[in-house]
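Engineer: below are the sequence and a predicted model; questions follow.
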Amino acid sequence: MARQIFRERNLSLVMVKEGGLLFESASSGINGLLQAIDALNGSLHGSSVADKVVGRAAALLLVYAHAKEVYAATVSNEGLKALEENGVPVEYDALVQQILDRTGKNICPFEKASQTIRAPEEAPEKLRACVENVRKRI
């Protein structure tokens, strides 16, 4: 259901649970995931998620939120590894070595920030700080 809504509405993130839509977003980056975690907190436990791009940062947030399963249009090697190591089944269309920034020349700043995260519980706070740093630079 998440994948169907994701594709039909051309969204970047869809979360469903028990046949109902929990959250949807057209936001790019990890903003949508952070918004869903803030708005729904424990309600995401056991949800099915469809996300446009899942790197390690997004994967750690999905593990933190206790997603039951994930579909990614694009997943990075590190994102796939984080999901699999935490027992989250994942399907994807494209597997890439790493997630790049908007210029396509450098690694995504959220992926850089996620390299220092050792446990999913650290992810929301550290990635929110990264979002703020990126906003300050814009």
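Structural biologist: Cool, got the structure. Only a predicted model underlies this, so the values are computations on that prediction, with no experimental measurement involved. Residues are numbered from 1 along each chain as shown.
Engineer: which stretches of this structure aren't confidently modelled?
Structural biologist: Scanning the chain with the threshold set as pLDDT under 70 gives 138.
Engineer: can you pull the buried residues of the longest helix seen in the chain?
Structural biologist: When the chain is parsed with DSSP state H, its longest helix is helix 123-137. By 16 or more other C-beta atoms under 10 Å, the buried positions in helix 123-137 come out as 123-124, 127, 130-131. C-betas here are computed from N, CA, C, even on glycine.
Engineer: quick check, nearest of the residues you listed to Ala36?
Structural biologist: Among the buried residues of helix 123-137, Pro124 lies closest to Ala36 (C-beta to C-beta), at 10.8 Å.
Engineer: which residues touch the closest one?
Structural biologist: 34, 37, 61, 64 (C-beta atoms under 8 Å, 6 or more residues apart in numbering).
Engineer: residue boundaries of the helices in this protein?
Structural biologist: 2-8, 31-40, 56-64, 77-85, 109-114, 123-137.
Engineer: redo these as TSV? Include distance to Phe23.
Structural biologist: As requested, the helices of the chain are exported to TSV (distance: least, C-beta to C-beta, whole Å):
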stretch	distance to Phe23
helix 2-8	10
helix 31-40	4
helix 56-64	12
helix 77-85	19
helix 109-114	19
helix 123-137	15
